[in-house]
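Participant: Curious how this folds, go ahead:
(chains A and B)
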2 protein chains.
Amino acid sequence: MPYNELRKDYLLDRWVVIATERGRRPTDFAKREKTQAKKGVCPFCPGNEHMTPPAVLAYIESGGKIEKIKDEDDFRHKNWIIRCFSNLFPAFNPPQNTSDRKNFMKSCDLALAVGHHEVLVESPNHDKHPSDASVQQLVHVVNAYLDRLFELSSKPYVKYVSIFRNHGLEAGASLSHAHSQIIATPFVPKIVEEEMKASRKFWQEHGECVFCNIIKRERESPRFIMENMDFVVFAPWASVNPMEFWILPKRHAISPLELSKGEKEGFAKMLKTCFSALKTLLNDPPYNFGFHIALGKTASQHYHWHLEVYPKLAIWAGFEKSTGVYINTVTPETAAESLRKEISP
Amino acid sequence: MPYNELRKDYLLDRWVVIATERGRRPTDFAKREKTQAKKGVCPFCPGNEHMTPPAVLAYIESGGKIEKIKDEDDFRHKNWIIRCFSNLFPAFNPPQNTSDRKNFMKSCDLALAVGHHEVLVESPNHDKHPSDASVQQLVHVVNAYLDRLFELSSKPYVKYVSIFRNHGLEAGASLSHAHSQIIATPFVPKIVEEEMKASRKFWQEHGECVFCNIIKRERESPRFIMENMDFVVFAPWASVNPMEFWILPKRHAISPLELSKGEKEGFAKMLKTCFSALKTLLNDPPYNFGFHIALGKTASQHYHWHLEVYPKLAIWAGFEKSTGVYINTVTPETAAESLRKEISP
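Facilitator: Numbers count the residues shown, from 1 in each chain, chains lettered A, B, ... in the order given. All right, here's what the predicted structure looks like:
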């Protein structure tokens, strides 16, 4: 019996067992049945703006031009194409006074969850997920991510901004209307902090950005999926999720705030290509994605922003949760091959 | 609007947002419908032993006495009350030669998954989960855990033994027959290693076991659930799962191998009490549990074994997976209160 491989993440102290013995092919994970979406009125659809908090940002289309409206008081805009507002049940809340801003740490094991938690509705059309939206609409989504990222990261008490997306009931999306979420935290989250430390160390030792180095290596590996002019996609060496893939900009940058107009369009195209392929290959599977970015100038040499996509095809159970060691039953090489074939048959 | 609390784990560098705003009561998590178990023949039921690998351990009842059979070649025992065998799709495999035993690390980011992966069938009766089994049967389960723990931890290439249980389809149990799993790894897993380091540091600074200290503090806290002569149960301060609870032995010990006969029975009773309460309160919810133990003598002063129970009532989504920060919508205090009331109405 051959051994399974234990692989360590590029940067994190995290091991995964690539347990291929079960011999599952990616298509074995294709969803058989549609899980039922919540019934009833969708609070994110146009006309139901009164069901959500007032918008902090909306893009309005009028006469072929896009108008950006910030902190609107008027609920009655109905011709929006992007709409962003506070989560009705926020995990993090804005500080109510200067003292809370500065002194959110109450003790070594207790702090106030000071920050922001927003919902970004990506389209007035209920079902226009990245796999189905137009590239033009996805450019608006990217622009809106960056508007909120800029705004939130400028606040003195915000140390990190997490932009993420849950798709499908099994991946935690309780509402099926196309939307992302944004959480601004008063500290740098653990996983990003660990990546930051490890990439700084690599830079000190090698004088090179570790992600630039990873791109070079993975481009020549069987885990490579595709590239366009500005972005590259591959299945990471130590994927903890079956069919996981990452999208990285070729140009070294710590945050997507540095994207040029052309690069934004390249990124939007890449999103559409990858999520269309995932949808077709696995019959619209649930997934999560999260941006990894750095804020501030100190990480400018060694950190490199990217998007991590985690299809939700397996359940982390007792072993994973109690040990922090993961088991993945699809090799990243197989994942890459099947996505590659789906994209360029 | 009040702030949510950010709480840090006793030992791990892990933060959780206790997001109570959603105002969900524990009973809101009660399962509405039974998820359908896999149909067809159960390979773990008596009479179907040919569907699984040969047993590495079986307890046979004959004439009121329990006979332990190790590494049996004979599949035909049908009157077993406990049966343990290799997982048909093991994540870890035994080493095939001395070289692999010693040199399982192939490079800094690649190793052979050398070890063991076993299934422990807890009862010949399909549905005798800890909530429903007799205390006597649960004592057999505990004894079998310890037999396998002793055997596996004696192997020179084994550095850790994880004993865990997945209950319910949503918690990763693909078969519904009452069973646990055991994985022996050639390294100490990350979460246990982190706990080990932090508890060593606490011991060096305070001359006391950090878990003994936690027991003292939690016993007086609103997170306390119950105790018997030898064990204490509470909802941990920074629970990342709604309704999470831990069972700890009052007597300081690094591993359950040190349990006396009386303590084993006390532990079995505690399992039955806690899992009965959880089942009644939330209509048989899915859950995972995992033992945290130390092997070897070096941790004897500062580590303290315990069982962590994670009801599976929420989905870790894009934020949790990409940042390592968790959101829990039930306060540990509320969790403890509802379990306490269920146990002693």
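
Participant: Could you verify my assumption that A:G115 touches A:F187?
Facilitator: No. Counting by CB atoms under 8 Å, A:G115 stays clear of A:F187, with 9.2 Å between them. In this view, the C-beta of every residue, glycine as well, is placed from N, C-alpha and C.

Participant: Neighbour count: the two, which is higher?
Facilitator: Using other CB atoms under 10 Å in any protein chain shown as the criterion, A:G115 and A:F187 rank with A:G115 on top: 29 against 18.

Participant: mind checking the SS state of A:I69?
Facilitator: strand (DSSP: H, G, I helix; E, B strand; the rest coil).

Participant: meant to ask about A:L149, not that
Facilitator: Classified using three-state DSSP, A:L149 is helix.

Participant: so is the residue of the stretch 151-300 of chain A found nearest chain B in a helix, a strand, or just coil?
Facilitator: Nearest to chain B, among the residues of the stretch 151-300 of chain A, is A:G290, at 2.5 Å (CB to the nearest CB). With three-state DSSP as the basis, A:G290 sits in strand.

Participant: contacting residues for the nearest residue in space to it that is not next to it in sequence?
Facilitator: The spatially closest residue to A:G290, leaving aside those adjacent along the chain, is B:S322, at 2.5 Å (CB to CB, 6 or more residues apart in numbering or on different chains). By CB atoms under 8 Å, 6 or more residues apart in numbering or on different chains, the contact list for B:S322 reads A:162, A:164, A:191, A:288-292, A:308, A:310.

Participant: Show me what secondary structure element comes after the helix or strand harbouring B:S322.
Facilitator: Using DSSP states H and E, B:S322 sits in helix B:318-323. Toward the C-terminal end, the helix or strand that comes next after helix B:318-323 (DSSP H and E) is strand B:326-328.

Participant: If we go by neighbour counts, what in that following strand is buried?
Facilitator: For strand B:326-328, burial by neighbour count (16 or more other CB atoms under 10 Å in any protein chain shown) applies to B:326-328.

Participant: do stretch A:252-267 as well
Facilitator: In stretch A:252-267, counting by 16+ other CB under 10 Å, buried: A:252-256, A:259, A:263-267.

Participant: can you check stretch A:275-287 too?
Facilitator: A:275-279, A:281-282, A:284-287.

Participant: so which of the buried residues of strand B:326-328 also contact chain A?
Facilitator: B:I327 (CB under 8 Å from any CB of the partner chain).

Participant: now, which of the buried residues of strand B:326-328 sits nearest chain A?
Facilitator: Nearest to chain A, judged by CB to the nearest CB, of these is B:I327 at 5.0 Å.

Participant: for the stretch 151-300 of chain A, what spans make up the strands?
Facilitator: A:160-167, A:179-185, A:224-227, A:231-234, A:245-249, A:287-292 (DSSP state E, counting those that start in this stretch).

Participant: Any idea which of those strands gets closest to A:T298?
Facilitator: With CB to CB as the criterion, A:T298 lies closest to strand A:160-167 of the strands of the stretch 151-300 of chain A, at 13.3 Å.

Participant: all helices for the stretch 151-300 of chain A, in order.
Facilitator: Ranges of helices in the stretch 151-300 of chain A, per DSSP state H, counting those that start in this stretch, are A:190-206, A:210-219, A:261-282.

Participant: what about chain A, any weak spots by pLDDT?
Facilitator: A:1, A:21-24, A:31-32, A:34-38, A:72-76 (pLDDT under 70).

Participant: what's the span of stretch A:129-136, first residue to last?
Facilitator: 13 Å (CA to CA, to the nearest Å).

Participant: and what of stretch A:169-180?
Facilitator: 14 Å.

Participant: Which positions in the stretch 151-300 of chain A make contact with chain B?
Facilitator: A:160, A:162, A:164-166, A:170-173, A:181, A:183, A:185, A:187, A:189-192, A:194, A:237-238, A:288-292.

Participant: quick one, helices of the stretch 1-150 of chain A?
Facilitator: A:98-102, A:135-153.

Participant: Rebuild those as CSV, extending it with distance to A:P345 and mean neighbour count.
Facilitator: Listed next are those as CSV, based on distance: least, CB to CB, whole Å; neighbours: other CB atoms under 10 Å in any protein chain shown:
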stretch, distance to A:P345, mean neighbour count
helix A:98-102, 54, 13
helix A:135-153, 21, 19
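
Participant: looking at the ones you listed, which is closest to A:D71?
Facilitator: helix A:135-153 (9.8 Å).

Participant: angle of the closest one against helix A:261-282?
Facilitator: Using axes from the mean of the first three to the mean of the last three CA atoms, to 10 degrees, one finds that helix A:135-153 and helix A:261-282 are set 110 degrees apart in direction.

Participant: For burial, what's the neighbour tally of the spatially closest residue to A:A198 that is not a sequence neighbour?
Facilitator: With CB to CB, 6+ apart as the criterion, A:A198 has its nearest non-adjacent residue at 3.9 Å, and that residue is A:L11. A:L11 is flanked by 19 other residues according to other CB under 10 Å.

Participant: just A:R219 next, same as before
Facilitator: Considering only other CB under 10 Å, A:R219 is surrounded by 13 other residues.

Participant: Apart from its chain neighbours, what residue comes closest to it?
Facilitator: A:V232 (6.3 Å).

Participant: any idea how far A:M243 is from the one you found?
Facilitator: 17 Å (CB to CB, to the nearest Å).

Participant: Mind checking which of those two has more residues around it?
Facilitator: A:M243 (27 against 21).

Participant: What backbone torsions are found at the residue nearest to the more buried one when sequence neighbours are not counted?
Facilitator: Distances taken as CB to CB, 6+ apart put A:P311 closest to A:M243, at 4.2 Å, once the chain neighbours are dropped. A:P311 adopts backbone torsions of phi -60, psi 140, taken as degrees, to the nearest 10.

Participant: Identify the bridge partners of A:P311.
Facilitator: Beta-bridge pairing for A:P311 (DSSP bridges): A:Y287.

Participant: what sits against it?
Facilitator: A:29, A:241-244, A:278, A:282, A:285-287.

Participant: Would you format the residues you listed as JSON lines with distance to B:K128 included?
Facilitator: Formatted as JSON lines, the contacts of A:P311 follow (distance: CB to CB, whole Å):
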{"residue": "A:F29", "distance to B:K128": "32"}
{"residue": "A:N241", "distance to B:K128": "34"}
{"residue": "A:P242", "distance to B:K128": "33"}
{"residue": "A:M243", "distance to B:K128": "37"}
{"residue": "A:E244", "distance to B:K128": "38"}
{"residue": "A:L278", "distance to B:K128": "41"}
{"residue": "A:L282", "distance to B:K128": "37"}
{"residue": "A:P285", "distance to B:K128": "35"}
{"residue": "A:P286", "distance to B:K128": "33"}
{"residue": "A:Y287", "distance to B:K128": "37"}
